[in-house]
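> Using only what follows, build the 3D model:
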Amino acid sequence: MTFNRLGLALAMALTLALSACGGGGSDSGPSTPTTPASGQQLTAVGTSAHTVSLAWTPPATATTYAVERRTGTTGPYTRIATVDAASGAYVDDGLTQGTAYSYRLVSTDAAASPLAASSATTGDDAALITAPGTALGASTQATLGSAAASIVSPDGGITLELPERSVDTGTTVETQAVSNTAPDGRGNALRVRLSAVPGGTATLRVRYDDAEAPLADGLRIAVQRGDGSWLSLPLTQIDKTTRTLSAPLPVGLLTPQTAQAQRDRAQPHGPNDVSVEFTVVRYLAFHLAPRQASVAVGGSLQFVPYARVRGYEVEIGICEPINDDQRACIYQPVLETRQLPFLNTKPGYTRGWYVFLSPGGNATDGTIVPSGDVGATYTAPQQVPDPETVVVSFQSTHTRTGRTVVLASPVTITEDRWVGTISATDGPSIAGTTAIQVAHVTWRRDLTAGSTTTEVYRAEGTVGVTVTDDNCTVTITPSVHEVSTDRIFVSLEINRGVTPARYRLRLITFWNGNIFAVCPRASESRDSLLGYGWDVQGVLGDSSFSGQTTQETARIEWSFQR
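Next comes the predicted model:
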C-alpha cells in the first residue's frame, strides 16, 4: 500500500504536460508579434544579457530572409544575417546588456520588402559557457548523400535526422561520444562535425532512461556551439511511452555570424569546405530544490522551483502557438549556474503548492505554504506518516492554453532524534579505584515544549556504572538503570535563535543499589546511591554534536548524531 500511494502520486503528477513556466523578476517578455499585410509574424525575446531570440512563422514562398536590426526604436536598420526562412528561428548574440533592440524580416526576393517587425530588451543574466566534453572511445566517419539521413550516437540514445536534399552528395560527417559538460547534464553527449552546413531544419531525438522518468517534464535538449555556449531547444514532443524528447534544430543557428557563414546559409547546398560542429546533450532545465530531502517530524524545509532558461510570457522551452495553425519556437541560451527562481504569482498563470495531490497539504502528510514571492515552506507532520516519503510539488498552469508544469521532490519524514553516549570517568584514585559511568541515550523531540527558536528533547536510554580497582573485584547491583523521566533533571535543549545554534544537555539519574567488593584481606557489601549527573553545552553541528570537559575530578566525553 505504501508503494502504490507514493507511485500513484508521482505518476499523476508526471502525466501532466510541461508548459509555460515563467521565471522570476528578471523575466524579459517578448513584444507582441506584428502582422503586416504580408501575413508574416515575428516574435523577439531578450533571452540573456547578450542575446535576443527571434522566431517567425514559416514563409509560403521565400526561401531566404534577411534579418535587420537597429538599437532602440528609431534610426536606420542594419542587415545582420541572411537566414533559411523555413527554419523559423535566429539567435542574435554579442549584444549589450539591458538594451532595447528592434528587428525586422526582409524578403530577399526581387521585392525586398519588410515582412514583419518586433522588438526586445536584453536582460541581466549571462549565458553559460563550458569547456567541451572529452572523447569517449573512437569517432565514427561517414559520407552522406542527398537522401534523408540519420546520424546516431554509439549508444543509440541521440539521433540527428537530416531532411532529404539538405546536404550535397559527398558531405562527410564525423560523430564522437563525449562527456556531458552541460549544467545538470544527463548521460553522454554526442559531438557532430559536418563538412557542410545543412539546409532546412534537422530533427533531434534524444532518449532518456527509466531512472529519469520522474524527471521527464524537466528534461530538455541543448546543443553546444563553437564558442562553448549552450542553446536550449524548444521541444515538439515528450513521448513518455518511448522515453524520447524531440526538438527541431535549424543547424544554421550553430554557425558563426561571419559573411561567409551568412552566404552559406542562403545556399541550402553549401560548399563542402564549410564545416559546422556542435554537441548534443540532454539536461535538466527545470527542477524543484532541494530535489530530494529528509526532515524530522515537526520540522520545516524551504522549497524553491528553478529554471536554467529565462521565463517569459510566451511558453518556455516549447513551441508557442501564434495562430491556430502556426507556431513560433524560441531558441534560448542556457543561463549561467545562477539559476532563476519561479515566482509564486505571475500574470497569465495559475500557480500552487501541493503535498501529494492535496493543495497546501494536510496534517497527515505535512503542509506547505508559499513564502512571499518565491518558494514555499513545507512543515512535516507531528508523527511519521505512512508512507514515510511524501511528494511535495509546485504546479504552474498557463491560463490561456491550459498546459501545466509540475516540478516535484520526494521528502522522507524521519523521527527528530539524537542518538549517542555521554560518559564520566573518575579515577584512578590514590587507592587505584576508577568509576566509569556511561549513558546510552536517544533524545526525541518534545513537540509540546519549546518555542519557535528553542527545541526540547526527552531522553530514553540507560545509565550504567562500572567500578575497577587495582586490588579488589567490585560488583555493582543493579549496574544499569533507565534514565530519569524527571524533565527538570533530564533534558536536551537546542537554541536556534543564535548563530551558530547551541545546545545544553542535562542528564541526572541516580538509583539505590549495592556495591560489593572482594579484596585479598576482606570483603565488604554496602548500600549506596549510584548514578551520575551531567550538565554540558556547546555549539551544534549540522548532524552531530560532541565534546569533552572535566567536572570536578571526572573526565566527561559525549557524542550524539542524528
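
> Enumerate every residue touching the residue nearest to Ala149 when sequence neighbours are not counted.
Distance criterion C-beta to C-beta, 6 or more residues apart in numbering; nearest residue to Ala149, sequence neighbours excluded, is Leu162 at 4.7 Å. Glycine gets a C-beta too; all of them are placed from N, C-alpha and C. Residues near Leu162 by C-beta atoms under 8 Å, 6 or more residues apart in numbering: Leu144, Ala148, Ala149, Ser150, Ile151, Pro198, Ala202.

> Ala293: how many residues sit nearby?
Using other C-beta atoms under 10 Å, Ala293 has 15 neighbouring residues.

> Now do the same contact list for it.
Leu301, Ser409, Pro410, Val411, Thr412.

> go on, Ala148?
Ala148 touches Glu161, Leu162, Pro163, Glu164, Ser166, counting by C-beta under 8 Å, 6+ apart.

> Mind checking which of these are buried?
Buried members of the contacts of Ala148, counted by 16 or more other C-beta atoms under 10 Å: Glu161, Leu162, Pro163, Ser166.

> Of those, just say which sits nearest to Val441.
Nearest to Val441 among the buried ones among the contacts of Ala148: Glu161, at 64.6 Å, using C-beta to C-beta.

> Secondary structure element holding that closest one?
According to DSSP states H and E, Glu161 maps onto strand 158-162.

> Any idea what Leu204 is bridged to?
Leu160, Ala247 (DSSP bridges).

> right, and it touches Val280 too?
Yes. Counting by C-beta atoms under 8 Å, Val280 is a contact partner of Leu204 at 6.2 Å.

> the more surrounded of those two?
The residue with more neighbours, out of Leu204 and Val280, is Val280; 27 against 23, by other C-beta under 10 Å.

> on that earlier part again, need the contacts of Ala148 in TSV (columns: pLDDT).
As requested, the contacts of Ala148 are arranged in TSV below (pLDDT from 0 to 100):
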residue	pLDDT
Glu161	92
Leu162	90
Pro163	88
Glu164	86
Ser166	81
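
> Let me have those residues in a markdown table, adding distance to Gln551 as columns.
What follows is these, written out as a markdown table (distance: C-beta to C-beta, whole Å):
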| residue | distance to Gln551 |
| --- | --- |
| Glu161 | 76 |
| Leu162 | 79 |
| Pro163 | 82 |
| Glu164 | 86 |
| Ser166 | 82 |
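
> Go through these and say which is closest to Gln41.
Of the contacts of Ala148, the one sitting nearest to Gln41 (C-beta to C-beta) turns out to be Pro163, at 23.5 Å.

> Any figure for the gap between the closest one and Thr236?
With distances taken as C-beta to C-beta, to the nearest Å, Pro163 is found 15 Å from Thr236.

> Tell me how far the residue nearest to Ala149 lies from Ile151.
Taking C-beta to C-beta, one finds Leu162 at 7 Å from Ile151.

> Look up how far Thr475 lies from the closest residue to Asp469 other than its chain neighbours.
Distances taken as C-beta to C-beta, 6+ apart put Thr433 closest to Asp469, at 4.7 Å, once the chain neighbours are dropped. Separation of Thr433 from Thr475 (C-beta to C-beta): 14 Å.

> which one of those two has more residues nearby?
Thr433 (17 against 12).

> Pull the contacting residues for the more buried one.
So Thr433 contacts Gly427, Val467, Thr468, Asp469, Asp470, Val474 (C-beta under 8 Å, 6+ apart).

> tell me the contacts of the first one?
Taking C-beta under 8 Å, 6+ apart as the contact definition, Gly427 lies against Thr433, Thr434, Ala435, Thr553.

> at 7 Å instead, please
Thr433, Thr434, Ala435 (C-beta atoms under 7 Å, 6 or more residues apart in numbering).

> Same check on the second one?
Neighbour list for Val467: Thr433, Ala435, Val474, Ile476, Ile515 [criterion: C-beta under 7 Å, 6+ apart].

> Would you mind listing where the stretch 201-350 of the chain has pLDDT under the threshold?
Where the stretch 201-350 of the chain drops to pLDDT under 70, the residues are 255-274, 310-328, 337-339.

> Walking through it, point out its helices one by one.
259-265 (DSSP state H, counting those that start in this stretch).

> What about Asp469, how many residues nearby?
Asp469 has 18 nearby residues by other C-beta under 10 Å.

> Please verify my assumption that it contacts Ser429.
No. When contacts are counted by C-beta atoms under 7 Å, Asp469 is not listed as touching Ser429 (9.0 Å).

> and the chain, what are its domains?
Per automatic domain parsing, the structural domains of the chain span 2-21+287-317+335-414, 42-121, 140-178+185-284, 417-561.

> Quick one, grab the pLDDT at Arg403.
Listed pLDDT for Arg403 reads 72.

> same question but for Glu552, I mixed them up
84.

> Check the gap between Val276 and Ser195 for me.
Val276 is 9 Å from Ser195, by C-beta to C-beta.
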